[in-house]
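**Q** here you go, sequence then predicted model.
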Amino acid sequence: MEPLQQPDVTLKPIESIPSPAKTIEVMKRKKGKIILAEGETTGHAHAISDPGAYLILLDDGNMLLDVTSNKVTVYHETHRPIEVPKGKYLVGRVLEFDHVQGSSRYVLD
(Lines give C-alpha, C1' and ligand atoms only; values in the text may rest on other atoms or scores of the structure.)
Protein backbone atom coordinates (compact mmCIF):
# COMPACT_ATOMS: atom_id res chain seq x y z
CA MET A 1 0.00 0.00 0.00
CA GLU A 2 1.22 3.51 -0.86
CA PRO A 3 1.59 6.27 1.75
CA LEU A 4 -1.26 8.79 1.89
CA GLN A 5 -0.91 12.55 2.24
CA GLN A 6 -3.24 15.45 2.94
CA PRO A 7 -0.93 18.40 2.29
CA ASP A 8 1.06 18.56 5.54
CA VAL A 9 -0.01 15.26 7.17
CA THR A 10 1.25 11.87 6.00
CA LEU A 11 -0.01 8.35 6.72
CA LYS A 12 2.58 5.63 6.16
CA PRO A 13 1.13 2.10 6.09
CA ILE A 14 2.82 -0.41 8.42
CA GLU A 15 2.22 -4.06 9.29
CA SER A 16 2.57 -3.65 13.05
CA ILE A 17 3.88 -1.29 15.72
CA PRO A 18 7.61 -0.78 15.03
CA SER A 19 9.75 -2.57 17.61
CA PRO A 20 10.70 -1.65 20.32
CA ALA A 21 7.94 1.00 20.54
CA LYS A 22 5.03 0.29 22.82
CA THR A 23 1.56 1.79 23.20
CA ILE A 24 1.27 4.52 25.83
CA GLU A 25 -2.39 5.41 25.38
CA VAL A 26 -5.31 5.53 22.98
CA MET A 27 -5.93 9.23 22.34
CA LYS A 28 -9.38 10.54 23.21
CA ARG A 29 -11.61 12.05 20.54
CA LYS A 30 -12.30 15.79 20.65
CA LYS A 31 -15.96 16.53 20.05
CA GLY A 32 -16.31 13.08 18.47
CA LYS A 33 -13.31 13.50 16.14
CA ILE A 34 -9.84 12.00 15.94
CA ILE A 35 -7.47 14.94 15.40
CA LEU A 36 -4.36 13.97 13.42
CA ALA A 37 -3.01 17.54 13.37
CA GLU A 38 -4.32 21.01 14.13
CA GLY A 39 -3.45 24.11 12.12
CA GLU A 40 -1.08 26.42 13.92
CA THR A 41 -2.46 29.58 12.34
CA THR A 42 -6.06 28.80 11.34
CA GLY A 43 -7.22 26.29 13.94
CA HIS A 44 -8.33 23.98 11.12
CA ALA A 45 -7.74 20.29 11.73
CA HIS A 46 -7.03 17.08 9.86
CA ALA A 47 -9.77 15.01 11.47
CA ILE A 48 -11.69 11.74 11.27
CA SER A 49 -15.33 11.58 12.41
CA ASP A 50 -15.98 7.97 11.37
CA PRO A 51 -16.14 5.22 14.00
CA GLY A 52 -13.74 2.33 13.55
CA ALA A 53 -10.49 4.25 13.92
CA TYR A 54 -8.17 4.86 16.86
CA LEU A 55 -5.22 7.18 17.33
CA ILE A 56 -2.54 5.63 19.53
CA LEU A 57 0.39 7.44 21.14
CA LEU A 58 3.56 5.32 21.16
CA ASP A 59 6.35 5.60 23.73
CA ASP A 60 8.81 6.71 21.03
CA GLY A 61 6.71 9.87 20.41
CA ASN A 62 5.10 8.65 17.18
CA MET A 63 1.36 8.36 16.61
CA LEU A 64 -0.28 5.32 15.04
CA LEU A 65 -3.65 5.44 13.29
CA ASP A 66 -5.41 2.07 13.51
CA VAL A 67 -8.32 1.84 11.05
CA THR A 68 -10.45 -1.18 12.00
CA SER A 69 -13.41 -0.53 9.69
CA ASN A 70 -13.24 -0.93 5.89
CA LYS A 71 -12.28 2.74 5.48
CA VAL A 72 -12.45 6.14 7.11
CA THR A 73 -12.22 9.65 5.67
CA VAL A 74 -9.80 12.37 6.76
CA TYR A 75 -11.36 15.81 6.43
CA HIS A 76 -9.84 19.29 6.53
CA GLU A 77 -11.58 22.60 5.98
CA THR A 78 -9.38 23.66 3.05
CA HIS A 79 -8.15 20.36 1.55
CA ARG A 80 -9.74 17.57 -0.43
CA PRO A 81 -10.88 14.66 1.79
CA ILE A 82 -8.88 11.43 1.59
CA GLU A 83 -10.13 7.91 2.17
CA VAL A 84 -7.98 5.68 4.37
CA PRO A 85 -8.46 1.92 3.99
CA LYS A 86 -8.38 -0.57 6.85
CA GLY A 87 -4.88 -0.95 8.32
CA LYS A 88 -2.25 0.60 10.55
CA TYR A 89 -0.49 3.87 9.68
CA LEU A 90 2.27 5.97 11.21
CA VAL A 91 1.10 9.58 11.31
CA GLY A 92 3.72 12.08 10.18
CA ARG A 93 4.15 15.73 9.28
CA VAL A 94 5.78 17.12 6.15
CA LEU A 95 9.10 18.90 6.70
CA GLU A 96 10.42 21.72 4.55
CA PHE A 97 14.09 22.64 4.33
CA ASP A 98 15.34 26.23 4.20
CA HIS A 99 18.55 26.05 2.16
CA VAL A 100 19.53 29.63 3.04
CA GLN A 101 19.30 29.11 6.80
CA GLY A 102 20.26 25.44 6.67
CA SER A 103 17.35 24.38 8.84
CA SER A 104 14.14 22.42 8.55
CA ARG A 105 10.69 22.93 10.02
CA TYR A 106 7.27 21.37 9.82
CA VAL A 107 5.01 22.76 7.12
CA LEU A 108 2.45 25.01 8.79
CA ASP A 109 -1.18 24.70 7.82
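**A** That came through fine.

**Q** residue 48: what's it in contact with?
**A** Contact analysis of residue 48 by CB atoms under 8 Å, 6 or more residues apart in numbering lists 33, 34, 36, 65, 72, 73, 74, 75, 84. For the C-beta atoms, the positions are set from N, CA and C on the backbone; glycine is no exception.

**Q** please name the nearest non-neighbouring residue to the third one.
**A** Nearest non-adjacent residue to residue 36, counting by CB to CB, 6 or more residues apart in numbering: residue 46, 4.2 Å away.

**Q** bridging residues for the one you found?
**A** residue 37 (DSSP bridges).

**Q** mind pulling up the pLDDT for it?
**A** Note on residue 46: pLDDT of 92.

**Q** residue 54 sits in which helix or strand?
**A** strand 53-58 (DSSP states H and E).

**Q** sheet-wise, list the partners of that strand with their directions.
**A** Applying DSSP bridges, strand 53-58 is found paired with strand 23-26 (antiparallel), strand 63-76 (antiparallel).

**Q** for residue 10, which of the ones you listed is the nearest?
**A** Nearest to residue 10, of all these, is strand 63-76, at 10.8 Å by CB to CB.

**Q** for the protein, give me the ranges with low pLDDT.
**A** For the chain, applying pLDDT under 70 flags the ranges 40-41, 94-99, 102-109.

**Q** out of the contacts of residue 48, which are buried?
**A** Using 16 or more other CB atoms under 10 Å as the burial test, the contacts of residue 48 include 34, 36, 65, 72, 74, 75, 84 as buried.
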